[in-house]
Structure formats: structure tokens, C-alpha cells
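Peer 1: please find the sequence and the predicted model below.
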Amino acid sequence: MKYVIYGGGGYIGCELSMMLLSHGNHVRVFDRFKTDRVLIDRCSQNINFEYMVGNVLDAAQLKKSCIDADVIIWLAAIVSPKKCDEASYDLVYRTNVEALKIINEIRKNVPIVFVSTNIGYGGEESKYVYTEKSVLNPVSLYGKTKKIGENLLINSSDYIILRPASVFGVSLRMKDHLLIHYYCEQAVRHGIVELTEPTLMRNFINITDFCKGIEFLIDKYATVKNNIYNLGDSRLDCTKVELLASIYQIYPKFDTVTSDAYHDQDKRNYVVSNKKIEEIGFSCQADFRSEILKIIDYYKTLSI
């Protein structure tokens, strides 16, 4: 199968590309490769790997890139509320909405997997569990643009929309700002972790499980298409203070300082149900302790 992964040179894209290649697929990665080309260096000798350096705002490049694609995976975005706030509104909207609109018009009947977010459920607190049928109420610009992107696809066809939990785990392109990564980095480098809003609920998924979830749905495409799926590890639902306590049990070499210096822009404080995807046979397998140790080792290596 031939996959085209937009934004495939990033944190998730690198691991997803290598997983798909390892299963005998052809992978074309479309990315600016602005920061580095670590994925290219790793996969350049694989005859099933190819890449295009391009910008998703360029319609001509998008049209050229998806020729002969069997499946499109759309990871391209200005990701996270903070980065969206730091960029201009125009750039965020064009990248997160207009580019998706272009590829949606170009792709015809080619299936597309759109990676959205589960922060769009919004609200400061919920007394119930959010499902795919729950009304989206995003607070941040990031969440709002993802909601618009979802609606673009819902009004077309041949799509799968994913609303992932916060992804964690070692990748060729690490993201230090992800909550678990941030806690581990601070623990290793400084021996002190700042804990804000300790009682807020969070949900997570390991990057390998996340990539497996995408492949799982594509394998079942005929029966799951035109659907939205939350994708998280139900075993890992916890508050921020519970998360930090779990990390401390694995790496008890840091102190915790509670602070009110930061407030979550998306007001996340809820449980997201993964029952829909679990009921069709998917389950997360990653061992939390092993994955945390890998992250700890990664930051130890950087500190040498």
C-alpha cells in the first residue's frame, strides 16, 4: 500500500513512517524538513521510502504529492495552543484549515486519516465521560481550527478522524513540551518538577500504540470509514499529580514544587472514552514503566 504522510517528518510522523515501512508499505513523506532531516537519514536506503520537501500551503505541490496515493495521513498543522498563539492568526488558519481544504478537494476518493485532537471537548470540568458524540467546545485557536478541519471532512466522504490523547514516548523527533516528556526532562536535568493545576484530569497514549491505532483502522477501513474515533490508553487516565507520582515511583530522584504560574489554555479536566475503538478490537499494549524509562534514558543521554 502507498501512504502519503503530510507533516511526516515530525514527532509522530517519523515513528509512523518507520512502522509502515517495516510492514512492507511504500511511504512518501511530505514535509518542510525545516529543523532537521533525521527521518531521511534513517530511511533513505529503503527503496519503499521517498520524501518531498514542500509546503502544505502550495496547492500545486499538494497535487503533485498525492498522485497514486492509496491512503493520505494528515498530520500537518501548527500544533498545540501555545504555538498557535505565538503565530499569526492568518498563518494558523491557512495551515490548519485552508491546507486541509485544498487536499480534501484534490484527493477525490482517496481515503484520508485526519489527526485532530481531543482537547476540543473544552470546558473547565465535566461530570461525565466524553465520547465521539459529545459536542465539541474548543477554547483555544488550535482546538477551534481542528474542529473546522473535522467539519470539512464530515461534509465529504472517505475519511477517518482521530481525536488522540496526549501522545508520549521516544521518537526520532522528540517534543519536549508534551506533559510526560516535560516532567521527565525536568526530573533528569534539574531534579525539580513544577506541578501546576495538580487535580486536572489527563489522558495519554504511547506513540507506538498511537501509530498501531492508525494502521489498525486503515486495515479495517471498509467497515470503519466516515467515522470519528477517540484514541487513547484507558489505563492511563489520571490527574496530573497522580501522573507525577507514577513517574516518581519509576524515577525517585526529584522533588516536586507546586505552582499556580501556568493555566491550561484548553481547560482540560475530563475523561475521554475510548470504548468505540476498543469495541472493534483495538487495545493499547505499551508498558508505562518501560516507556518512562526510555524517556528518562533519552534525557539522561542529552545531559551528558
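Peer 2: Structure received. Residues are numbered from 1 along each chain as shown.

Peer 1: how near is His263 to Asn109?
Peer 2: Look at His263 and Asn109: by C-beta to C-beta, to the nearest Å, they are 44 Å apart. No exception for glycine: its C-beta is placed from N, CA and C like everyone else's.

Peer 1: surely Ser259 meets Thr196?
Peer 2: Yes. Taking C-beta atoms under 8 Å as the definition, Ser259 is a contact partner of Thr196 at 5.3 Å.

Peer 1: who's more crowded, those two?
Peer 2: Thr196 (14 against 11; other C-beta atoms under 10 Å).

Peer 1: not counting its neighbours along the chain, what's nearest that one?
Peer 2: Tyr262 (4.5 Å; C-beta to C-beta, 6 or more residues apart in numbering).

Peer 1: test my guess that that neighbour contacts Leu200.
Peer 2: No. Look at Tyr262 against Leu200 with C-beta under 8 Å: they stay out of range, at 11.2 Å.

Peer 1: how about stretch 119-139: buried residues?
Peer 2: 119-123, 126, 130, 132, 134, 136, 138-139 (16 or more other C-beta atoms under 10 Å).

Peer 1: meant to ask about stretch 142-156
Peer 2: Neighbour counts over stretch 142-156 (16+ other C-beta under 10 Å) mark 142-147, 149-150, 152-153 as buried.

Peer 1: kindly export it (C-alpha atoms) in CSV.
Peer 2: The C-alpha trace of stretch 142-156 is given here as CSV (Å, rounded to 0.1, in the frame of the first residue of the first chain):
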residue,chain,number,x,y,z
TYR,A,142,-5.7,25.3,18.0
GLY,A,143,-8.8,23.4,19.1
LYS,A,144,-11.1,25.7,17.0
THR,A,145,-9.1,25.1,13.8
LYS,A,146,-9.1,21.4,14.4
LYS,A,147,-12.9,21.5,14.8
ILE,A,148,-13.2,23.3,11.5
GLY,A,149,-11.0,20.7,9.9
GLU,A,150,-13.2,17.9,11.2
ASN,A,151,-16.3,19.6,9.7
LEU,A,152,-14.6,19.9,6.3
LEU,A,153,-14.2,16.1,6.2
ILE,A,154,-17.5,15.2,7.8
ASN,A,155,-19.2,17.1,4.9
SER,A,156,-17.3,15.0,2.4
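
Peer 1: begin at 36 from now on, thanks
Peer 2: Okay, residue one is now 36; in that scheme the one you just asked about reads as stretch 177-191.

Peer 1: just the buried residues of stretch 177-191 now: which is nearest Met209?
Peer 2: Tyr177 (19.9 Å; C-beta to C-beta).

Peer 1: sec struct for the closest residue to Phe245 other than its chain neighbours, please.
Peer 2: Spatial nearest neighbour of Phe245, chain neighbours left out: Val202 (5.3 Å); criterion: C-beta to C-beta, 6+ apart. Following DSSP: H, G, I helix; E, B strand; the rest coil, Val202 is assigned to strand.

Peer 1: which residues touch Val202?
Peer 2: Val202 sits next to 46-47, 213, 239-242, 245 when contact means C-beta atoms under 8 Å, 6 or more residues apart in numbering.

Peer 1: dump those to CSV, plus distance to Asp193.
Peer 2: Putting the contacts of Val202 into CSV (distance: C-beta to C-beta, whole Å) gives the following:
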residue, distance to Asp193
Tyr46, 26
Ile47, 22
Leu213, 31
Phe239, 30
Ile240, 25
Asn241, 28
Ile242, 26
Phe245, 22
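
Peer 1: show only the entries of these found in strands.
Peer 2: Here DSSP state E is the test, and these give 239-241 as lying in strands.

Peer 1: returning to that earlier point: please tell me how far the residue nearest to Thr231 sits from Val39.
Peer 2: 37 Å.

Peer 1: who has more neighbours, the two?
Peer 2: Neighbour tally, Tyr297 and Val39, criterion other C-beta under 10 Å: the higher count belongs to Val39, 27 against 9.

Peer 1: got the CA positions of the helix or strand harbouring the more buried one in PDB?
Peer 2: Using DSSP states H and E, Val39 sits within strand 37-41. Output of strand 37-41 as PDB, limited to C-alpha atoms (Å, rounded to 0.1, in the frame of the first residue of the first chain):
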ATOM      1  CA  LYS A  37       1.200   3.500  -0.800                       C
ATOM      2  CA  TYR A  38       0.900   6.100   2.000                       C
ATOM      3  CA  VAL A  39       1.400   9.800   1.700                       C
ATOM      4  CA  ILE A  40       2.000  11.400   5.100                       C
ATOM      5  CA  TYR A  41       1.800  15.100   5.300                       C
END
